[in-house]
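J.: with the input below, show me the fold.
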Amino acid sequence: MGKIVAIIVVILTAWGALAQIVPGVFQIREHQRLKTYLWGPKTIWIAVLLGGMTVGVYIWNLEARLATTGTVSSVASTGDETGLLIVGWGPTQDGSGCSAVVNAAKLPMAFKDKFDIALVCGYANPTVDRLKDTRISVSSLFTPQEVLQITLPFSDAMTDFIAKDEQTTIEKLQPRPTKGTVLAVQHVVWFKAILVPKGMDRTNIQKLSDVLASGGKIANSEASVVIGHTVPAP
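T.: The predicted structure is shown next:
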């Protein structure tokens with residue numbers, strides 16, 4: 001849709017400009033009936049008006065789409081033996097934790113007696129192997145049901161890292177903001193659904209690889225969201 005709008009705007013604007021530069025070619029002749037309804041000496045203003053309306057409608061629709069979610073991405077993979085899907089996700093209201101809806105309707109019956117379900121979220125960091133990253137948060141364990149709403153606070157390790165990263169980001173700003181200036185800093189947080197062997201102590205999960213080492217499973221389904229914090233400049 002965006003590409004089509006861009007093409008229309010360019011065509012209308014270019015035609016309108018050329019109608020003023022080369023009127024004999026790009027303007028409708030005086031004796032032609034189309035002049036009353038289409039191109040003429042005021043072509044450029046018609047083009048600008050139509051172009052503006054087109055862009056306005058597109059921006060209006062774009063804003064409506066963006067307002068529905070802060071989602072960066074969502075991925076669901078076929079062939080996942082767990083059958084778990086993350087169908088809704090986002091930060092908690094105060095931005096200090098994460099929340100997601102996990103659809104477990106397709107969880108195999110054989111897994112329901114062996115595993116509990118949990119949600120894991122972490123701070124996106126492309127320089128660290130996600131399976132080895134200890135800056136994650138793990139929810140309580142839930143007995144398998146068709147649909148689960150899971151909410152959890154960020155762990156101390158994750159909260160501390162985010163705070164340090166915010167300060168580092170602010171310190172790199174040029175020019176340096178005045179002390180006390182409130183700044184908006186954004187983070188990308190990822191979500192994963194996991195299966196944990198029944199009876200396992202969830203505190204033993206310090207990183208995603210611990211899930212696999214304990215005989216658990218990590219669902220292919222994942223999601224991520226942008227979380228914004230306001231931070232005063234130091």
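J.: distance of G97 relative to M200?
T.: Distance, G97 to M200, by C-beta to C-beta, to the nearest Å: 22 Å. In this view, the C-beta of every residue, glycine as well, is placed from N, C-alpha and C.
J.: apologies, that question was intended for W89.
T.: Distance, W89 to M200, by C-beta to C-beta: 24 Å.
J.: and D80, by the same measure?
T.: Separation of D80 from M200 (C-beta to C-beta): 21 Å.
J.: how about stretch 160-169 as PDB, C-alpha atoms only?
T.: The C-alpha trace of stretch 160-169 is given here as PDB (Å, rounded to 0.1, in the frame of the first residue of the first chain):
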ATOM      1  CA  ASP A 160      20.000  -4.000  36.700                       C
ATOM      2  CA  PHE A 161      21.200  -4.500  33.100                       C
ATOM      3  CA  ILE A 162      18.400  -2.400  31.600                       C
ATOM      4  CA  ALA A 163      19.200   0.400  34.100                       C
ATOM      5  CA  LYS A 164      22.900   0.300  33.200                       C
ATOM      6  CA  ASP A 165      22.200   0.300  29.500                       C
ATOM      7  CA  GLU A 166      19.900   3.300  29.900                       C
ATOM      8  CA  GLN A 167      22.700   5.300  31.600                       C
ATOM      9  CA  THR A 168      25.200   4.200  28.900                       C
ATOM     10  CA  THR A 169      22.900   5.300  26.200                       C
END
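J.: mean confidence score for that stretch?
T.: Taken as a whole, stretch 160-169 has an average pLDDT of 81.
J.: returning to what we had before: so for W89 and M200, which sits in the more crowded spot?
T.: Comparing W89 with M200 by neighbour count (other C-beta atoms under 10 Å), the higher total belongs to W89, at 24 against 18.
J.: quick check: buried residues in the helix or strand harbouring the more buried one?
T.: Assigned by DSSP states H and E, W89 belongs to strand 85-91. Using 16 or more other C-beta atoms under 10 Å as the test for burial, strand 85-91 gives 85-86, 88-91.
J.: next SSE after the helix or strand where D116 lies?
T.: In this assignment (DSSP H and E), D116 forms part of strand 115-123. Reading on from strand 115-123 to the C-terminus, the next helix or strand found by DSSP H and E is strand 136-138.
J.: what number of residues lie near D80?
T.: D80 has 16 nearby residues by other C-beta under 10 Å.
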